[in-house]
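1. Just to be clear, the model below is a prediction. Sequence and coordinates:
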Amino acid sequence: MKPPESDQSPEFQEYLTKLSKRLQKNVYLKDRTVENREEVEQALKALDKEADAVIKKNATAVFITTAISQSGRLDAFTVLLAQVRMVWQVATIYNQRPSLREMGQLYANVAATTFVASELDDLDISQQVEPIVTSVVGASVTSAIPGVHTVANIITNSLITGAANAYLTLRVGAISKQYCGSLVRSERKIVRKFATLEATKMLSTIVMSSAGNISKAMFEVAVRRPGKFSRDVIRNAWEKLAGKGKEQDKIKPEA
């Protein structure tokens, strides 16, 4: 289904009726009545929250993976794969059985909007995310161990790389959400602005929740291996974090 140009279009009511019927079958909207416009809008807001969770999860994975890899080609492949998969995941939240045509149109719209958004960026993305990252790697830890400035630089540079890629992923996710959850056809200019604001807001949350643990783990490794501040420090710290994550997964089953 294609959304109409506006809610004043002759075909809007027909589209709203078809959309409400589809939403009533949505597994994320169990026990919810979706019959009129107000209920449709409320249902879409509920699906937006589900989509946000998926977007944040994928962006966090990109943040972690690209912060450690420090490999341009690997990073590009990782980010692209994550974004393609994420667009599909977001789409299936709003429509459990999207057709190939619908997915093709969505991917085309997301790609076109993302490309234009990238072209319009006034500043390098790494410069935009650097203030967020440096606020996490605070000056309070710089006196913890000898040579900690070197460790802080390694951590900061790694986190900036991861945060930049996470920002791109968040923006793609926000663009996808806007196209999937809109009652009327979205203008790309409006979608770009919305996606930029959403990505910036979500990025702060991701960096603050993840980077602190990353930094702590790196510093703990550095304390045990003074004088060996290299990518090995990053890798060992990530292995430590990954190990903790696996233990927590065993203790806490997924809801």
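-> Perfect, thanks for sending it. Numbers count the residues shown, from 1 in each chain.

2. Low-confidence regions, the protein specifically.
-> Residue ranges of the chain with pLDDT under 70: 70-72, 117-124, 136-152, 212-255.

3. how close does Val34 sit to Arg101?
-> 24 Å (CB to CB, to the nearest Å). (Each C-beta comes from the backbone N, C-alpha and C, glycine too.)

4. quick one: which of those two has more around it?
-> Val34 (21 against 8; other CB atoms under 10 Å).

5. dump the residue contacts of that one.
-> Going by CB atoms under 8 Å, 6 or more residues apart in numbering, Val34 touches Ser20, Leu23, Gln24, Val40, Ala43.

6. could I get those as a markdown table with neighbour count, secondary structure and distance to Thr205?
-> Shown next, in a markdown table, are the contacts of Val34 (neighbours: other CB atoms under 10 Å; DSSP: H, G, I helix; E, B strand; the rest coil; distance: CB to CB, whole Å):
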| residue | neighbour count | secondary structure | distance to Thr205 |
| --- | --- | --- | --- |
| Ser20 | 17 | helix | 32 |
| Leu23 | 21 | helix | 28 |
| Gln24 | 15 | helix | 32 |
| Val40 | 19 | helix | 28 |
| Ala43 | 22 | helix | 25 |
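
7. For the residues you listed, give me JSON lines that also has distance to Thr169.
-> Shown next, in JSON lines, are the contacts of Val34 (distance: CB to CB, whole Å):
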{"residue": "Ser20", "distance to Thr169": "31"}
{"residue": "Leu23", "distance to Thr169": "27"}
{"residue": "Gln24", "distance to Thr169": "31"}
{"residue": "Val40", "distance to Thr169": "28"}
{"residue": "Ala43", "distance to Thr169": "26"}
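
8. quick one: which two of these are the most distant?
-> Gln24 and Val40 (10.0 Å; CB to CB).

9. how close does Gln178 get to Ala67?
-> Gln178 is 27 Å from Ala67, by CB to CB.

10. Show me which of the two is the more surrounded one.
-> Counted by other CB under 10 Å, Gln178 and Ala67 do not tie: Ala67 has more neighbours, with 26 against 22.

11. The strand or helix carrying the more buried one - contacts with which helices or strands?
-> Element membership of Ala67 [criterion: DSSP states H and E] is helix 37-69. Judged by 3 or more CB pairs under 8 Å, 6 or more residues apart in numbering; DSSP states H and E, the packing partners of helix 37-69 are helix 12-24, helix 72-94, helix 148-180, helix 188-224, helix 231-251.

12. The same query, at a cut-off of 6 Å, please.
-> Judged by 3 or more CB pairs under 6 Å, 6 or more residues apart in numbering; DSSP states H and E, helix 37-69 is in contact with helix 72-94, helix 148-180, helix 188-224.

13. Can I get the ones you listed in a markdown table including distance to Pro10?
-> Listed next are these as a markdown table, based on distance: least, CB to CB, whole Å:
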| stretch | distance to Pro10 |
| --- | --- |
| helix 72-94 | 24 |
| helix 148-180 | 22 |
| helix 188-224 | 23 |
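
14. I appreciate the help and will end here.
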